[in-house]
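**Student:** starting from these lines, generate the structure:
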Amino acid sequence: MSDLFKGYRGRALEILKSYNVRVWSEVTIQSTRGEFEGILLPRSENDDDRHLVLKLANGYNVGIAVDTIQDIQEHGYKEAHYKIPEREFPTAPDRKNVKLLGTGGTIASRLDYRTGAVIPAFSPGELYGAVPELADICNLSTEKLFAVFSENMGPSQYKTLARAIGEEIRRGTDGIIIGHGTDTMHHTAAAISYMVQHPPIPIVMVGSQRSSDRPSSDAALNLIHATKTAAEADIAEVMVCMFGPTSDEYGLLHRGTRVRKMHSSYRSTFRTIGDVPLAMVSRDKITPLRDDYNRRRNDREVEITPTFEERVSLIYYYPNMHPDILEALIDLDYKGIIIAGTGLGHVNKPLYPAIQRATDKGIAIYMTVQTLWGYVHMFVYDTGRDLMSLGIVPAENMLPEVAYIKLGWALGQTSDIEEVREIMLRPICTDITEREPYNGYLIYQGGIPEVEEFIKKFHK
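**Tutor:** Numbers count the residues shown, from 1 in each chain. Sure thing, here's the model as predicted:
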């Protein structure tokens, strides 16, 4: 197809030809929905043929249904180039050496309008071109381990990533950043927390909710915060670094075993659950919020245990769940099951025979709570006591996803059910805490007068 109409076909192509306008033209479109001015963009190869796409002056894209178009006027032609400029990353002997390990995600990116995909910038030169502030923080080098969406991250990638982190630590790197998609970042954070223990340097996972071609992107600031943490923080742990509030005020550093993605699109999507974050980070400083973290050390010692049993499942219990789900896992020779139960850790009685069969077969079954906040207390009601008598083990206040990762890691080391239990119930990286702090559970309901008054004190 002609480059004049990149990606357009069918009815949309007919409209462009009838008004004699080209892709990358500066146009004004009159439609039944109003007037729109912007640059006519190419379409993705997989998009429909019923819309034109404009990039507006505010940086956002809008789709206009061709059946609503009444007129198109072309005012100019200026082909946009979305490749991020590449410049040599400057280094200095007095700056810390930081390594960025890439797994995918959109920390800094350009948009490929041919496919509609966001292509991440990754080389030091590309990152410097996109976020020049990085050069004031550290000497940055990069290595692309994978280029996958985060839903495609799994045990194989966890183990490869853990080994790569171990190599970088032994090589003398001062801090490590892991670029990662946000959807399963909390799963990977837990996996690396278990596979890489007692690191002497910060290990910082970072991503972005909105790609860097969008005006509201959090990509650059998240990367600046993560880089500052990796280079300067005294916290030698596995952390997730993402926006704190929805605004650009600061980022938060969350422990890898107590963090969870809590909103599908907010920039402030990550929350520490049942505890408080490790620290706040801004362009200028890192402010610890607690003092019980592991400190940066000068040695190169680290424990790398890259094991994982893949036949482990996480089940979210719901009313009227039938036992055939558990029966299927038993028949498929699964080794471990995490249940996210109701309330204090409950499931219905029809599941009892299947649970008994599973534990008789030596399958490790652990109970967590789907409320996320709070502890499993299976000794309070008869249901909980019955389930414990069937062999289900309460997993304290481990988050369901964290318990799933930990059980896979534990079963990767041993098939002995008592050894697995010892690993599972031993607190590691605060995945189990003695108690929740008074401010570890804060959920405010918008619209309530006292909450609105509180919010207005900080955001007018």
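
**Student:** and residue 311, how many neighbours?
**Tutor:** 14 (other Cβ atoms under 10 Å). From N, CA and C alone the C-beta is placed, and that goes for glycine too.

**Student:** and for the one 5 residues further on?
**Tutor:** Counted with other Cβ under 10 Å, the burial measure for residue 316 works out to 13 neighbours.

**Student:** do residue 46 as well
**Tutor:** Neighbour tally, residue 46, other Cβ under 10 Å: 9.

**Student:** quick one: it and residue 284, what's the gap?
**Tutor:** 44 Å (Cβ to Cβ, to the nearest Å).

**Student:** swap in residue 429?
**Tutor:** Distance of residue 429 to residue 284, given as Cβ to Cβ: 28 Å.

**Student:** same check, this time on residue 69
**Tutor:** 49 Å.

**Student:** likewise for residue 261?
**Tutor:** Distance, residue 261 to residue 284, by Cβ to Cβ: 27 Å.

**Student:** which one's more surrounded, those two?
**Tutor:** residue 261 (21 against 8).

**Student:** average pLDDT for the helix or strand hosting residue 164?
**Tutor:** Element membership of residue 164 [criterion: DSSP states H and E] is helix 155-171. Helix 155-171 shows a mean pLDDT of 98.

**Student:** low-confidence ranges in the chain?
**Tutor:** In the predicted model of the chain, residues 1-7, 44-45, 78-87, 105-125, 129, 211-215, 460 satisfy pLDDT under 70.

**Student:** what ranges does it have for its helices?
**Tutor:** 10-19, 124-130, 155-171, 185-195, 219-232, 324-331, 352-360, 382-389, 400-411, 417-425, 449-456 (DSSP state H).

**Student:** for the last one, packing partners?
**Tutor:** Using 3 or more Cβ pairs under 8 Å, 6 or more residues apart in numbering; DSSP states H and E as the contact definition, helix 449-456 packs against no other helix or strand.

**Student:** and what of the fourth one?
**Tutor:** Other elements packing on helix 185-195 under the criterion 3+ Cβ pairs under 8 Å, 6+ apart are helix 155-171, strand 203-206, strand 238-243, strand 259-261, helix 400-411.

**Student:** looking at those, spot the one closest to residue 192.
**Tutor:** Of all the helices and strands packed on helix 185-195, strand 238-243 sits nearest to residue 192, with 5.0 Å by Cβ to Cβ.

**Student:** residue 366 is in contact with residue 339, correct?
**Tutor:** Yes: using Cβ atoms under 8 Å, residue 339 is in contact with residue 366, at 7.2 Å.

**Student:** higher neighbour count, those two?
**Tutor:** Legend: neighbour count by other Cβ under 10 Å for residue 339 and residue 366, higher for residue 339 (29 against 26).

**Student:** from residue 265, how far out is the more buried one?
**Tutor:** 29 Å.

**Student:** that older thread, closest one to residue 309 among the helices of the chain?
**Tutor:** Nearest of these (Cβ to Cβ): helix 400-411, 3.6 Å.

**Student:** on that earlier part again, give the residues shared as contacts by residue 339 and residue 366.
**Tutor:** Residues within reach of residue 339 and of residue 366 at once, by Cβ atoms under 8 Å, 6 or more residues apart in numbering, are residue 392.

**Student:** could you export stretch 340-359 as PDB, CA atoms only?
**Tutor:** Output in PDB follows, covering the C-alpha atoms of stretch 340-359 (Å, rounded to 0.1, in the frame of the first residue of the first chain):
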ATOM      1  CA  ALA A 340      -7.000 -17.700  48.700                       C
ATOM      2  CA  GLY A 341      -9.900 -18.400  51.100                       C
ATOM      3  CA  THR A 342     -12.700 -16.300  52.400                       C
ATOM      4  CA  GLY A 343     -12.600 -14.400  55.700                       C
ATOM      5  CA  LEU A 344     -10.100 -15.900  58.100                       C
ATOM      6  CA  GLY A 345      -9.300 -18.700  55.600                       C
ATOM      7  CA  HIS A 346     -12.300 -20.800  54.700                       C
ATOM      8  CA  VAL A 347     -13.700 -22.900  51.800                       C
ATOM      9  CA  ASN A 348     -16.900 -24.900  51.500                       C
ATOM     10  CA  LYS A 349     -17.500 -28.500  52.700                       C
ATOM     11  CA  PRO A 350     -17.900 -30.100  49.300                       C
ATOM     12  CA  LEU A 351     -14.100 -29.500  48.800                       C
ATOM     13  CA  TYR A 352     -13.200 -31.500  51.900                       C
ATOM     14  CA  PRO A 353     -12.800 -35.000  50.300                       C
ATOM     15  CA  ALA A 354     -10.700 -33.500  47.500                       C
ATOM     16  CA  ILE A 355      -8.500 -31.700  50.000                       C
ATOM     17  CA  GLN A 356      -8.000 -34.900  52.000                       C
ATOM     18  CA  ARG A 357      -7.100 -36.800  48.800                       C
ATOM     19  CA  ALA A 358      -4.600 -34.100  47.900                       C
ATOM     20  CA  THR A 359      -2.800 -34.100  51.300                       C
END
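
**Student:** can I get the helices of the chain in CSV including distance to residue 89?
**Tutor:** Below are those laid out as CSV (distance: least, Cβ to Cβ, whole Å):
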stretch, distance to residue 89
helix 10-19, 41
helix 124-130, 4
helix 155-171, 18
helix 185-195, 25
helix 219-232, 12
helix 324-331, 49
helix 352-360, 53
helix 382-389, 56
helix 400-411, 34
helix 417-425, 42
helix 449-456, 41
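
**Student:** export those helices as CSV, with columns for mean neighbour count and distance to residue 28.
**Tutor:** Below are those laid out as CSV (neighbours: other Cβ atoms under 10 Å; distance: least, Cβ to Cβ, whole Å):
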stretch, mean neighbour count, distance to residue 28
helix 10-19, 16, 11
helix 124-130, 21, 31
helix 155-171, 18, 48
helix 185-195, 27, 42
helix 219-232, 25, 31
helix 324-331, 15, 57
helix 352-360, 17, 65
helix 382-389, 16, 66
helix 400-411, 26, 49
helix 417-425, 16, 63
helix 449-456, 10, 40
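
**Student:** next, the contact list for the residue lying closest to residue 245 once chain neighbours are set aside, please.
**Tutor:** Nearest residue to residue 245, sequence neighbours excluded (Cβ to Cβ, 6 or more residues apart in numbering): residue 268, at 5.5 Å. The contact partners of residue 268, by Cβ under 8 Å, 6+ apart, come to 242, 243, 244, 245, 246.

**Student:** quick check: closest non-adjacent residue to the first one.
**Tutor:** What that stands for is residue 242. Counting by Cβ to Cβ, 6+ apart, residue 270 is the residue found nearest to residue 242 once chain neighbours are left out, at 4.5 Å.

**Student:** quick check: beta-bridge partners of that neighbour?
**Tutor:** Note on residue 270: beta-bridge partners by DSSP bridges are residue 261.

**Student:** what's around it, how many residues?
**Tutor:** Residue 270, neighbours per other Cβ under 10 Å, totals 28.
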